[in-house]
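Engineer: Take a look and give me a structure for this.
(chains A and B)
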Number of protein chains: 2
Amino acid sequence: MSNQSINIGILGLGTVGRAVLDLLQSNAKIIADRAGAKIKVVAVCDVAAKASSINGVPVYKNAEKIISNPKIDIVVEAIGGTKPALEYILRAISNKKHIVTSNKEVIAKHMPQIYSAAQKNGVVVLCEAAVAGGIPILNSIRDNLAANHITEIYGIVNGTTNYILYNMTEHGVGFKDALKAAQKQGFAEANPSADIDGYDAMYKAVILAAVAFGTYVNYKKVSREGIARISQEDIQYAKESGYAIKLIATVRRVGSRIDVRVHPVMVPKDHPLAKVSENYNAIFVKSDFAGDVMFYGQGAGGKPTASSVVADIINIAQANCCVDDCCGEACDCEQATSGPKAHLLDIGQIESRYYINLKVPDRSGVLAEISRVFARHQVSIQAVSQPETNRAVATLIIVTHLVRHANLQSTLRDLKKLSVVKTISNVVRVGL
Amino acid sequence: MSNQSINIGILGLGTVGRAVLDLLQSNAKIIADRAGAKIKVVAVCDVAAKASSINGVPVYKNAEKIISNPKIDIVVEAIGGTKPALEYILRAISNKKHIVTSNKEVIAKHMPQIYSAAQKNGVVVLCEAAVAGGIPILNSIRDNLAANHITEIYGIVNGTTNYILYNMTEHGVGFKDALKAAQKQGFAEANPSADIDGYDAMYKAVILAAVAFGTYVNYKKVSREGIARISQEDIQYAKESGYAIKLIATVRRVGSRIDVRVHPVMVPKDHPLAKVSENYNAIFVKSDFAGDVMFYGQGAGGKPTASSVVADIINIAQANCCVDDCCGEACDCEQATSGPKAHLLDIGQIESRYYINLKVPDRSGVLAEISRVFARHQVSIQAVSQPETNRAVATLIIVTHLVRHANLQSTLRDLKKLSVVKTISNVVRVGL
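Structural biologist: Sure thing, here's the model as predicted:
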């Protein structure tokens, strides 16, 4: 390759791949000015491709034409998932190509393998677009907040679930209808599990932990709850009590341990995260000098994601990684995989307030029986309410004071054994 | 200097200078890791210094000890204002020292002179901390949104005025009491003009325009209104009508012209900027691919400002500016001063909706007379309201449709001539 031109190959021509090609061509001049080099897409690959070229760029069905192409300096992986993305990434790295990817799953699951291969081959793997789409969260933590010790990151990192919860809150629709609307809008996949069960947010949390704390957290051990059990009853209670339910990813340093988890939270309505509407993302970063900084924007979609992919390409170009040995500063997760192993904080130790929605018979004595179980596990009740009902089965809502997750779990186990508890409809954390 | 160590001199030991020293010493290890070099404060200067050293660093009263010190690579200017800051900056540049400053006034006023001197001497001048304190707005625009054409930037960039307006809104206090409270909290200076008259926000807008559009706007020509005329009556009307009054800085590209202005706006209460509380800052950046991205955080104070100052120092270190010729990528405003001259959009051409608060006699016929003046200047009225009163002088509130500023101004001129108009109490733009 030449100093004056950096050649890109794109794997995958879905929404993201196409938008990256569009951005690199549409804004070629300012990108070249910023990068200090011409950035040129020389080949793209898509197994389902019908045309043999797109906007003057050859389209191949065989990824090998990119991975082994000696002209290509940077491979943009926009396939998603782990198969065949992982294999392609590793082969491209072994061919000394830098990698830019928007694929959170492959990075969160295979970070150690990918980054040790990159280090061995002297190349860079960047993934700004993998977390919160167009929001420059990883680069901001790494570069702009570089002087700070990050203490905590928390926020809304999945646009699909925010869209669903927002619709349930604003328009009173049930979860299933809100999901269908999200699918119709193209915000949710036909198989929505990765979003609604919290996997997508969990992958992003693992990457955030790596960038913020330089430590790799095994994604299999991360505590994760989705939003599929959130009902209109929960939403209504939250609204009436001054909260909005949001799916929150949390990454904290607690002593020598790291707390990483994803679950719904009733966010106080005056908190900026409570106001995040539609499919937007918003992330708070707390650090010792900068204080609280929040980043807000489009967390998904072709164009915003492409903005972050190309920012990474410019980063690699600016650091002269394509001509010299790479300077290393641009490498996000390298420290995380070569540094000390992270010990996850046991979820049982974490204190929260909880909202518990129980279905019980509508008769006296029930509350006394239930309260005894809470007391036995040292779970202190802050408020009890029973919406009026005409049916034999009533809803009983209990909100606790701050309690350890382990105590709450043992309380729930014993509640299930009570004959007066028909169902535990839902349990949601209250407060950030 | 050595590759392994970068030596810093700090001019000014006020809130910012002290916090920079504190941060560089407290977080020395992570800063060195990030920067790839040890960053060491070797001297500080303060004319009012009483001690001869602080935390092991010599303190001088004579700035020359920093500016002409051959050991120093980077001068942190934390004096503020233009005298003697400008002279010190220029002399340090001529001594081949890089400059990092939090001083918005000197950069906004003397950008061409400072950046052409820097270019001639092969040094870098960075000022992340000058705009929105701890929020990494300039670096985000320059690096993380580098692939985008920025179309518009708008937001709250002055914490003092936000604190005052927030207090007036939340606690019903008048402007003067809110200002006193801000002074007591240390958010406003004894002479508050720079903040409340919009100068500080205007300097920041000029810097944002330079970074976003690569063009220097003469600060003297920027349209600027402060918040000193905002009354409880205006605040109450805004609240009742679903707005919050905020001091908004706007920087837009409109065809071949740049629109830069600072003035209060009635922001719709569902807009994220309406919720920005206390002395926080929040800035929206609109661009062609990333869409809307918002940055939110502490816009002032020693620690957040120091976070941004040190981010700039790390930037200079990473780009190897202290060993090689500087790569140029790190230079914010260089393009702005060497590039094409900006033509400001004439404020008269800009369309807004307006809230107009008039004091009039409480009798019939007044509205007819006033309406005629609006009609004569093609200013279409959207709503009229007259809060109940027992006094002879009534308040008449008129809200217009979208009208050009020039037409509004000629309307106001003619209104002043009407005998039925006792006072034009205030005029505030409505909507973002």
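
Engineer: From here on, just use CA atoms for contacts and neighbour counts.
Structural biologist: Noted.

Engineer: so what's the residue in the stretch 301-432 of chain A that chain B sits nearest to up against?
Structural biologist: Proximity to chain B, evaluated over the stretch 301-432 of chain A using CA to the nearest CA, is greatest for residue A:304 at 4.0 Å. By CA atoms under 8 Å, 6 or more residues apart in numbering or on different chains, residue A:304 lies in contact with A:133, A:134, A:135, A:298, B:289, B:290, B:291.

Engineer: any idea whether the nearest residue to the last one once chain neighbours are set aside is helix, strand or coil?
Structural biologist: This means residue B:291. Among residues not flanking residue B:291 along the chain, residue A:304 sits closest, at 6.4 Å (CA to CA, 6 or more residues apart in numbering or on different chains). Secondary structure state of residue A:304, per DSSP: H, G, I helix; E, B strand; the rest coil, is helix.

Engineer: repeat for residue A:154
Structural biologist: Going by three-state DSSP: residue A:154 is strand.

Engineer: What is the neighbour count of the closest residue to it other than its chain neighbours?
Structural biologist: Using CA to CA, 6+ apart and skipping the chain neighbours, the partner closest in space to residue A:154 is residue A:250 (4.4 Å). Using other CA atoms under 10 Å in any protein chain shown, residue A:250 has 24 other residues around it.

Engineer: what does residue A:15 give?
Structural biologist: Residue A:15, neighbours per other CA under 10 Å, totals 15.

Engineer: Could you do residue A:372 as well?
Structural biologist: 14.

Engineer: host element of it?
Structural biologist: Assigned by DSSP states H and E, residue A:372 belongs to helix A:366-376.

Engineer: Packing partners of that helix?
Structural biologist: helix A:405-417 (3 or more CA pairs under 8 Å, 6 or more residues apart in numbering or on different chains; DSSP states H and E).

Engineer: orientation of the helix it packs on relative to helix A:366-376 in degrees?
Structural biologist: If you take axes from the mean of the first three to the mean of the last three CA atoms, to 10 degrees, helix A:405-417 sits at 140 degrees to helix A:366-376.

Engineer: now helix A:405-417, how far from the centre of its chain.
Structural biologist: In this view, helix A:405-417 has its centroid 29 Å away from the chain centroid, taken as CA atoms, centre = their mean, to the nearest Å.

Engineer: who touches that helix?
Structural biologist: So helix A:405-417 is contacted by A:347-352, A:370, A:373-374, A:377-379, A:421-424 (CA under 8 Å, 6+ apart).

Engineer: separation between the residue nearest to residue B:291 and residue B:66?
Structural biologist: Applying CA to CA, to the nearest Å, the value for residue A:304 to residue B:66 is 45 Å.

Engineer: likewise residue A:398?
Structural biologist: Taking CA to CA, one finds residue A:398 at 64 Å from residue B:66.

Engineer: Can you pick out the residue with more neighbours from these two?
Structural biologist: residue B:66 (27 against 19).

Engineer: In which helix or strand does that one reside?
Structural biologist: Here residue B:66 is assigned to helix B:64-67, by DSSP H and E.

Engineer: which other helices and strands contact that helix?
Structural biologist: So helix B:64-67, by 3+ CA pairs under 8 Å, 6+ apart, packs with strand B:5-11, strand B:38-45, helix B:85-94.

Engineer: Tell me the first helix or strand C-terminal of the least confident helix or strand in chain A by mean pLDDT.
Structural biologist: Using mean pLDDT, DSSP states H and E, helix A:334-338 stands out as the lowest-scoring helix or strand of chain A, at a mean of 70. Using DSSP H and E, the next helix or strand after helix A:334-338 towards the C-terminus is strand A:351-361.

Engineer: between that next one and helix A:366-376, how big is the angle?
Structural biologist: Using the same axes, to 10 degrees: strand A:351-361 against helix A:366-376 is 150 degrees.

Engineer: got a list of contacts for strand A:351-361?
Structural biologist: With CA under 8 Å, 6+ apart as the criterion, strand A:351-361 contacts A:234, A:366, A:392-405, A:420-431.

Engineer: Give me the buried subset of the residues you listed.
Structural biologist: Neighbour counting with 16 or more other CA atoms under 10 Å in any protein chain shown marks A:234, A:366, A:394-405, A:420-422, A:424-431 as buried within those.

Engineer: Just the ones in helices from those, please.
Structural biologist: Members of these lying in helices (criterion: DSSP state H): A:234, A:366, A:405.

Engineer: Make JSON lines out of those and add pLDDT.
Structural biologist: As requested, these are exported to JSON lines (pLDDT from 0 to 100):
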{"residue": "A:234", "pLDDT": "97"}
{"residue": "A:366", "pLDDT": "94"}
{"residue": "A:405", "pLDDT": "97"}
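
Engineer: What is the nearest of those residues to residue A:177?
Structural biologist: Using CA to CA, residue A:234 comes nearest to residue A:177 of those, at 15.8 Å.

Engineer: How much space separates the closest one from chain B?
Structural biologist: From residue A:234 over to chain B the distance is 23 Å, taken as CA to the nearest CA, to the nearest Å.

Engineer: Next: residue A:165.
Structural biologist: 17 Å.

Engineer: and that residue, how far is that from residue B:312?
Structural biologist: Distance from residue A:165 to residue B:312, by CA to CA: 39 Å.

Engineer: who's more crowded, these two?
Structural biologist: residue A:165 (31 against 28).

Engineer: element containing residue A:264, please.
Structural biologist: Short version: residue A:264 belongs to strand A:257-268, going by DSSP H and E.

Engineer: Mind listing residues that contact that strand?
Structural biologist: A:198, A:201-202, A:205-206, A:209, A:222-227, A:238, A:242-253, A:273-274, A:342-347, A:428-432.

Engineer: Which neighbouring elements make contact with the following helix or strand past that strand?
Structural biologist: Per DSSP H and E, strand A:257-268 leads on to strand A:280-287 as the next helix or strand towards the C-terminus. On a contact count with 3+ CA pairs under 8 Å, 6+ apart, strand A:280-287 meets strand A:150-156, helix A:159-171, strand A:291-298.

Engineer: Just give the strands next to strand A:280-287 in its sheet, each with its orientation.
Structural biologist: Here strand A:280-287 is paired, per DSSP bridges, with strand A:150-156 (antiparallel), strand A:291-298 (antiparallel).

Engineer: what does the last one contact?
Structural biologist: What that stands for is strand A:291-298. Residues outside strand A:291-298 that contact it (CA under 8 Å, 6+ apart): A:132-137, A:159, A:279-286, A:304, B:134-135, B:290-298, B:303-304.

Engineer: In it, which residues are buried?
Structural biologist: Per 16+ other CA under 10 Å, strand A:291-298 contains these buried residues: A:291, A:292, A:293, A:294, A:295, A:296, A:297, A:298.

Engineer: same question for that strand, mean pLDDT?
Structural biologist: For strand A:291-298, the mean pLDDT works out to 96.

Engineer: Distance from that strand to the middle of the chain?
Structural biologist: Per CA atoms, centre = their mean, the centroid offset for strand A:291-298 relative to its chain is 15 Å.

Engineer: Report the angle between it and helix A:159-171.
Structural biologist: Using the same axes, to 10 degrees: strand A:291-298 against helix A:159-171 is 90 degrees.
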